[in-house]
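sequence first, predicted model second:
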Amino acid sequence: MLFRKPRKIPVAFFGTVGVCLAAAVSCVVVAQHDHRAAEPPAQLRRPVAAAFVDDSRTLCVVNQRSGSVVLVDVEKGVVREEKTFGKHLNDLAVLPDRKHVLTVDDVRHELLVLSFDGTRLRMRTRLAVAPYPASVAVLPDGKRAIVGSLWSRRVQVVDLTPLSTASPDLRIVHTLRLPFAPRCQCVLPGSSQVVVADAFGGHLALVDAVNGRLIAAHKITGHNLRGLAVSADGQRLLIAHQILNEQAPVLEESIWRGLLMTNVVSSIPLGALQKSEENLDKARGVISLKGYGQGAGDPAGVTVLDREQFAVALAGVNEVALVGAEGDRVRRVLVGQRPTAVVAGARGQRVVVLNTFDDSLSVLDAKRGLVHCTITLGSQPVLSSADRGELLFFDARLSRDAWFSCHSCHTDGHTNGLLADTLGDGSHGTPKRTLTLRGTALTDPWAWNGSMKYLQDQIEKSLTDTMHAPSISGEQINDLLSFLHTLPPPPPLEPVSSNKSDREKVERGRKLFHSRGCVRCHIAPLTYSSHDLHDVGFADENGLRKLNSPSLRGVGQGARFLHDNRAATLEEVFTKYRHKVGLGLSAEERDDLLRFLRTL
């Protein structure tokens, strides 16, 4: 594939403030591994979560890609130990006794309990949990753990009291099903209540982990809820996230002025979380992390440092924002690649930033607003094309003034579920649903009007017309293409069970899918999409009726449906909006068809 005139993205593209703060960084010390241990092999670790396990000196770090856990002496800048415990680890929680560390593996679908003897980690026990666990939290008394599982949309409460015995036999005491895919969690101080946030959209749930019940459910205007913390006064919940204006056209002026995408911290009174009928948009305060011409793409982990300030990782621009407690001032500090979490020791003595794509830690002097030292977790191999594409996918500096990245709308390669007026259908004023990019490599053509025959062309169009990238090259487009080829389709929300009655129901639904002609637009069994455009009776604001059929793989993971999100549920596609395939179906037949669709 030949591309137009290559244009190279600058190696270092920082905003004005970023350049100034970079100059203020103190002498950087790259730490070494403990000389008593063998040098670990070169590998991509990708640290995603950390916590201190003793007196704010020993930091325990969970690595997602390598499945390893690292102990770091932050004071000496030395990696003391690294052990592989899983396949693909997410999140971390330390029990109050400081003798146990919890993490979750979303490949083996397990909760892992590690014991810490003051020097080393070892495996204590494992527990099978709901598929695709993404987060874990612990109640203040250490008796319960809460596991949030992403694609299976479950929250499970685990009894930890058996850890006091010689042979602990952990058990799940409560399982709650959520209407969204959970990721981040935050335990409210001095209680058994846990806030669980939507991984993609703007939903929140308040769960009682002792009684195993849903207290309240909310939806705020926002998406990518990637950081949760309770304010220093214990009165408000801080949420780092993004807000997309679904009606704003993707024009340079809209981006530059912050009209299209904003990066913020919402501050919500804890009392407002207790009742589902409470309007959180009205109750919250919003702290902006941006300035004209200087975006703060992809805010991630948020941590309260003291009564004076809190810190927010700006993952898309390689910075950390130090924010006054009342949001009255924002200082931005340049750190490593894709900072996703910030960890503070006791009384904010040490502030450590996890640089996920650097496999490193930045130790901050938060009062002076500079980096004290950088600790490497180990050497990295030469990056593949797909690995380089992953870095680009999460890099907000590719957009005009660093307001948003590919990930901002296609969260972790999936979707925020919102509308965007991106010119993807050839016109403005016709916002369309943001589709998942998982499994997109096989779903040609691309764009809602099917105008893109090759995925490379769609990538280039998105960078130039949607993100208004300062410069791009053919190599970078090919790297992004390689990364997208690594993304599998979303897994089914409700796989076929072993129950005979359920298997029969799914089979009846499959036969209806074929006999009603669904396969003409959604060709089975590989992609459940089509190479052609189809008119199924729904036109956009400009009268466009023939639209590109999206893949039905993982369709049950959607939040809203049809090109303009008019259907709130998959069932509404057939009932309220009367998709022609569903006309004449009995209620039982419709249920069978829906059951089959949720297994895709």
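Noted; the coordinates are in hand. Note that the structure is a prediction, hence the values are computed from the model and not measured. Numbers count the residues shown, from 1 in each chain.

going by residue numbers, what spans are helices in this structure?
16-24, 252-256, 280-283, 385-393, 406-409, 455-461, 474-484, 500-515, 570-574, 587-597 (DSSP state H).

I'd say Ile146 and Ala209 touch.
Yes: with contact defined as CB atoms under 8 Å, Ile146 reaches Ala209; the gap is 5.2 Å. Backbone N, C-alpha and C define where each C-beta goes, glycine included.

of all the helices of the chain, which lies closest to Val72?
Between Val72 and the helices of the chain, the tightest spacing by CB to CB is seen for helix 385-393, at 23.4 Å.

how close does the nearest residue to Ala559 once chain neighbours are set aside sit to His223?
Excluding the flanking residues, the one nearest Ala559 by CB to CB, 6 or more residues apart in numbering is Gly417, at 3.9 Å. Separation of Gly417 from His223 (CB to CB, to the nearest Å) stands at 7 Å.

in the protein, which helix or strand is least confident?
The weakest-scoring helix or strand in the chain, judged by mean pLDDT, DSSP states H and E, is helix 16-24 (a mean of 38).

tell me which of the helices of the chain lies nearest to Val555.
Comparing the helices of the chain by CB to CB, helix 587-597 comes nearest, at 5.6 Å.

list the buried residues in that closest one.
For helix 587-597, the neighbour count (16 or more other CB atoms under 10 Å) marks Arg590, Asp592, Leu593, Leu594, Arg595, Phe596, Leu597 as buried.

how about those in CSV, adding pLDDT and distance to Ser152?
Below are those laid out as CSV (pLDDT from 0 to 100; distance: CB to CB, whole Å):
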residue, pLDDT, distance to Ser152
Arg590, 95, 24
Asp592, 96, 22
Leu593, 96, 22
Leu594, 96, 18
Arg595, 97, 16
Phe596, 96, 18
Leu597, 96, 17
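
need the contact list for Ala50.
Listed by CB atoms under 8 Å, 6 or more residues apart in numbering, the contact set of Ala50 reads Leu59, Cys60, Val61, Val62, Leu92, Ala341, Val343, Val352, Leu354, Leu361.

isn't the second one up against Asp73?
No: between Cys60 and Asp73 there is no contact under CB under 8 Å: 11.4 Å.

of these two, who's got more company?
The neighbour comparison of Cys60 against Asp73 (other CB atoms under 10 Å) goes to Cys60, with 23 against 16.

dump the residue contacts of that one.
50-53, 69-72, 92, 94, 101, 116, 121.

with respect to Gly537, which of those is nearest?
Nearest member of these to Gly537, counting by CB to CB, is Leu92, at 49.2 Å.

what sits closest to that closest one if chain neighbours are left out?
Closest to Leu92 by CB to CB, 6+ apart is Ala49, at 4.0 Å.

what's across from Ser68 in the sheet?
Thr84 (DSSP bridges).

burial of it, as a residue count?
Ser68, neighbours per other CB under 10 Å, totals 22.

correct me if wrong: it contacts Phe85.
Yes: using CB under 8 Å, Ser68 makes contact with Phe85 at a distance of 7.0 Å.

what about the nearest residue in space to Gly118 that is not next to it in sequence, distance to Gln380?
If the residues on either side of it in the chain are set aside, Gly118 comes closest to Asp54, at 7.0 Å by CB to CB, 6+ apart. From Asp54 over to Gln380 the distance is 28 Å, taken as CB to CB.

in CSV: the helices of the chain, plus distance to Phe310.
Listed next are these as CSV, based on distance: least, CB to CB, whole Å:
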stretch, distance to Phe310
helix 16-24, 18
helix 252-256, 27
helix 280-283, 19
helix 385-393, 27
helix 406-409, 22
helix 455-461, 36
helix 474-484, 32
helix 500-515, 47
helix 570-574, 39
helix 587-597, 43
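
return the most buried member of these.
helix 406-409 (a mean of 24; mean count of other CB atoms under 10 Å).

which residues does it contact?
224, 242, 244, 261, 297-298, 316, 392-394, 396, 398, 413, 415-416, 418, 420, 434, 462, 467, 480.

surely Gly389 touches Glu475?
No: with contact defined as CB under 8 Å, Gly389 does not reach Glu475; the gap is 10.1 Å.
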